[in-house]
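A.B. asks: Kindly generate the corresponding structure for this input.
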Amino acid sequence: MPESSAATRPAVAEKSGPSALKEWALIGDLLLSGRMCVLFRKGGINEKGFWVEADEFLVFPTYFHQNRDKVRPGYRDAFDVAMGRTPPDGVLRIPARCRVVVCRAAVPIATQSCARLSG
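C.D. replies: Below is the predicted model:
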């Protein structure tokens, strides 16, 4: 699988500040604790692919639009802990700065394989 590189990424505007991974607080907690080691992302509706825009980024946990019922039962206690740490209004919690070590393109897999992964 090809690795992402500056040559394969589309040009992006120069940013004035650090990049961030904006993701559910639970996902950030799982990544930082080592309970999750891979995060699969897809491009948005209008994007023509996916690429990593920055080699370093901040973890920016979000607390909105989260649905406990969409979380697997084995992770609901961790969800409750993450939501229990919701910062007060006007406060942003940035728990970590991360570095991308490798980025590889995923190849399509059969639906049966996806079912085995989700089990």
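A.B. asks: quick one, what contacts the closest residue to residue 86 other than its chain neighbours?
C.D. replies: In space, and not counting its chain neighbours, residue 86 is closest to residue 63: 4.6 Å by CB to CB, 6 or more residues apart in numbering. From N, CA and C alone the C-beta is placed, and that goes for glycine too. Residue 63 makes contact with 25, 83, 86-87 under the criterion CB atoms under 8 Å, 6 or more residues apart in numbering.
A.B. asks: which of these tops the neighbour count?
C.D. replies: Neighbour counts for the contacts of residue 63, by other CB atoms under 10 Å, peak at residue 25, which reaches 25 neighbours.
A.B. asks: pretty sure that one contacts residue 71?
C.D. replies: No: with contact defined as CB atoms under 8 Å, residue 25 does not count as touching residue 71 (11.4 Å).
A.B. asks: Do a quick rundown of the helices in this structure.
C.D. replies: With helices called from DSSP state H, the chain shows them at 25-33, 76-84, 111-118.
A.B. asks: Cheers, nothing more for now.
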